[in-house]
Every structure is written in structure tokens, then in C-alpha cells.
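>>> Curious how this folds, go ahead:
(chains A and B)
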There are 2 protein chains.
Amino acid sequence: MTTIARMAISLDGFTAGPDQSPDHPLGVGGEKVHTWSFGDVHPVDARVVAEADAGIGAYLMGRNMFDGDRGPWNLSWRGWWGEEPPYHCPVFVLTHHARDPLEMRGGTTFHFVTDGPDRAMELAREAAGSNRVAIAGGAATVRHYLAAGEIDELLLHQSPVTLGAGESPFAGLDLALTPIRAVQSPKVTHLTYRAR
Amino acid sequence: MTTIARMAISLDGFTAGPDQSPDHPLGVGGEKVHTWSFGDVHPVDARVVAEADAGIGAYLMGRNMFDGDRGPWNLSWRGWWGEEPPYHCPVFVLTHHARDPLEMRGGTTFHFVTDGPDRAMELAREAAGSNRVAIAGGAATVRHYLAAGEIDELLLHQSPVTLGAGESPFAGLDLALTPIRAVQSPKVTHLTYRAR
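Just a heads-up that it's a prediction; the model follows:
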């Protein structure tokens, strides 16, 4: 079974800008690494994303990605994605706070895991069965599983912009990956690496 | 006339590692971004480099790239490249120190320009005629000409490794480039951008 992670990233290696806050959940300037995925999406980019999202049986997600780590644990928060999130399968959220599973429309159920990342990975693999597990983000969660050697394939949607500072999925890691594939549209370069 | 720059760079955006010194002219770990170009070069990589180096009529280079900025200006230093450097045309070295032109074998002559980067660019364009001008490096020199809008095409040889810290050609720049081409070998990804 394959575990993948995909992330939009800047040319200087940041997945979010500096100073993340409720007003700037992606950090200052962070939306620039996502503009290729907004609005009129280029067919090349749409195909890469569709292929990456096919056959995913479960997602893993850090707390910061679920709620922006916005102060106290808020049991009425239902995520950023509306009532029908784009996951359509179980999503395991890493958190220090217990909460009952949150069932959304379209097949997404958020499960809150307080027993640490190893246990969360175990649960995600069980739930995925023969399908793939995907790390949804954010940077700290991807970094953790990269360091642990748990990610088989890393797909970077590298936008041709610089952020100067922010969240790096590589901080503190001494990585040597293997290039598998490079696909480019006029907006963004999609780089797939074998990561273990 | 086209001005280009090409650089080997890490996945986290560094062209050299931290703590550059005479013992580590590329900074600690910096050689990892160059390993694809040593020894048994992959044919894909060899072709990309040959195409990039074709039709160059003059190079620009920062002092740090010429001599590692090793203390006092040393008039007997003849560069890192032996008696026949790989440039085979005029190379304009940005420096605060005057020196007579240094003619090497194979067509390379180092010219030392003390009148600043604008004048160096002017001299390089004159020397190149209808051929292209290439910024040879290092990071600070590329950064200067990127910021000045003087670079048409930026070619990044992006190695699938992380350095964690070091020299960034993007530091302090708010860039938005346009992807032109992505070519990949099993060792490195070559990304060409339009930079103005």
C-alpha cells in the first residue's frame, strides 16, 4: 500500500507564508502558491490533481490544517471545506484533544486521533485497505511523516513564485529524494519524487 | 539579445550550503546540489547543459564565485577552473578591486569590473554581440540581476536534496516567474522560467 503526500509549494520551498492567523490561514502571501488551482484551472493541472486524488482510501491531516490551531479546541468547528469536504473518505486528524467522529456529506468523516502520529497512520492504513493513504498537510505533518520514512511518493505543485519566509515541509530534514516525474503547465510545475 | 542565468539549486531553494569557507567553497553540504554534474553524467542532463551553454558570448560573475572572497585581493589567483576554464569567451568579474585582464587558455579572458553591475552588464552585452549573456553566479549576483529585471531566462537545475540553510538567489525578492520547460533525469530536474 502506497502513502503519498502532495503540497503546493513556492520556488523557495514554502507551503505557507509567514504569520499565519485567522485572517491569513495560509500566511501572508501564501495564497500565491495556490492560484493555479483557483478559477480557470489549466487542463494539465486538473489532470495531475485528478490522478493524484484517485484511489485514495484515507487521509491524514494535522490539527493546524483542520482548524488553524485557533486557540481553544472548538467542538462546533466543522473544517474549512463546507458541509461536503473534498475528501470523500475517512480523514484522520492529529490532535491533542478528543472529539467524537464528525460525519460530513459526500463520504468524508473526520476522526480525531489523540494517540499520536504512529497510531493515526495505523488507523489510516486500516481504513484505506488496498487503496492509498494521503497526507493532506500541513507542512509540519508532512515533515513528521517524511522524517519517519512513512511517505512513498511526494508530489510538489511548485509555483513559480517566492514567499521569502514561512512554513517549510523540509525544515530540519536532510532529504535525498528520487525524481519520478515532472509535468508542467504555464502556471505551475508538478514534481513527483520517491521519498523512501 | 537574451540574458540567462543557470544554477544548481536544492529543493529548499539554496545554491550553496551554510558556512562557506576555503575548505567548503560551496558551503557545508553544498556539493550535494552538484553531484548530478560530476562523473557519469546522465545523457538527459548533459544535453540540457550543452543547450544552455550554446551561443553564450559573454559571462558575468560575482567576486565570490571567482575567488571565494578569500580575504585580501590576490593578484596571483587564477580562478578555480585550471588554466583552461570552461567559459571560452570573455568573463566579466564584479569586484571592488582593479586588476588587469587575465587571459586564460581556450578563449576565456577574465575582465575585472570595478564600476558596478550596470556597467558590467553593459560590457558583457557589448562583448556578446548577437550571442547570449549568461550570469555564471553566485547567488548574490543572480539575485542582483533578477531584482534589476535584467534576466530573461532562469534555468534551475533542481536537485532532489535539502540543505536546510545557505545561499539563496531569491532572498528578499518577491518573484513571479513563468514556467517554460521542465526536463527530468533520474538525478535532477531542469526548470526553465521566463524571468521578466
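>>> From here on, just use CA atoms for contacts and neighbour counts.
Will do.
>>> So what's the residue count around the closest residue to A:Gln20 other than its chain neighbours?
The spatially closest residue to A:Gln20, leaving aside those adjacent along the chain, is A:Gly27, at 3.9 Å (CA to CA, 6 or more residues apart in numbering or on different chains). Using other CA atoms under 10 Å in any protein chain shown, A:Gly27 is surrounded by 20 other residues.
>>> residues touching A:Gly27, list them.
Neighbouring residues of A:Gly27 by CA atoms under 8 Å, 6 or more residues apart in numbering or on different chains: A:Ala16, A:Gly17, A:Pro18, A:Asp19, A:Gln20, A:Ser21, A:Gly166.
>>> just A:Ala16 next, same as before
So A:Ala16 contacts A:Ile9, A:Leu26, A:Gly27, A:Val28, A:Gly29, A:Gly30, A:Glu31, A:Val33, A:Gly166, A:Glu167, A:Ser168 (CA under 8 Å, 6+ apart).
>>> who wins for most neighbours among those residues?
That'd be A:Ile9 among the contacts of A:Ala16, by other CA under 10 Å, with 31 neighbours.
>>> Figure out the helix or strand that that residue lives in.
For A:Ile9, the element it lies in under DSSP states H and E is strand A:3-10.
>>> tell me the mean pLDDT for whichever helix or strand comes after that strand?
Helices and strands here follow DSSP H and E; after strand A:3-10, the next one along the chain is helix A:43-53. Per-region confidence: helix A:43-53 scores 95 on mean pLDDT.
>>> who does the helix or strand that helix A:43-53 is followed by touch, helix- and strand-wise?
Downstream of helix A:43-53, the next assigned helix or strand under DSSP H and E is strand A:56-62. Counting contacts by 3 or more CA pairs under 8 Å, 6 or more residues apart in numbering or on different chains; DSSP states H and E, strand A:56-62 is packed against strand A:90-94, helix A:117-128, strand A:132-137, helix A:139-147.
>>> now with 7 Å?
strand A:90-94, helix A:117-128, strand A:132-137 (3 or more CA pairs under 7 Å, 6 or more residues apart in numbering or on different chains; DSSP states H and E).
>>> Spell out which parts of chain A neighbour chain B.
A:11-13, A:160-164, A:171-172, A:174-180, A:182-184, A:186-188 (CA under 7 Å from any CA of the partner chain).
>>> Separate out the buried members of the residues you listed.
The neighbour-count test (16 or more other CA atoms under 10 Å in any protein chain shown) applied to the residues of chain A next to chain B identifies A:11-13, A:160-164, A:171, A:175-180, A:182-184, A:186-188 as buried.
>>> Select the helix or strand of chain A having the lowest average pLDDT value.
In chain A, the helix or strand scored least confidently by mean pLDDT, DSSP states H and E is helix A:63-67, which has a mean of 89.
>>> quick one: low-confidence parts of chain A?
A:70 (pLDDT under 70).
>>> give me that answer again for 80
Applying pLDDT under 80 to chain A flags residues A:22, A:68-71.
>>> Show me which residues of stretch A:71-85 are buried.
In stretch A:71-85, counting by 16+ other CA under 10 Å, buried: A:Arg78, A:Pro85.
>>> got the CA coordinates for that stretch in PDB?
The C-alpha coordinates for stretch A:71-85 follow below in PDB (Å, rounded to 0.1, in the frame of the first residue of the first chain):
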ATOM      1  CA  GLY A  71      -7.000  29.000  20.300                       C
ATOM      2  CA  PRO A  72      -9.200  26.600  22.400                       C
ATOM      3  CA  TRP A  73     -10.400  23.400  20.800                       C
ATOM      4  CA  ASN A  74     -13.800  24.300  19.300                       C
ATOM      5  CA  LEU A  75     -16.300  21.400  19.100                       C
ATOM      6  CA  SER A  76     -18.600  23.300  16.800                       C
ATOM      7  CA  TRP A  77     -15.900  23.900  14.100                       C
ATOM      8  CA  ARG A  78     -16.600  21.700  11.000                       C
ATOM      9  CA  GLY A  79     -13.500  22.500   9.000                       C
ATOM     10  CA  TRP A  80     -12.800  25.000   6.200                       C
ATOM     11  CA  TRP A  81     -14.400  23.000   3.400                       C
ATOM     12  CA  GLY A  82     -18.200  23.400   4.000                       C
ATOM     13  CA  GLU A  83     -20.600  20.600   4.500                       C
ATOM     14  CA  GLU A  84     -19.300  18.500   1.700                       C
ATOM     15  CA  PRO A  85     -15.500  18.400   2.000                       C
END
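>>> Since that was my last question, I'll sign off now.
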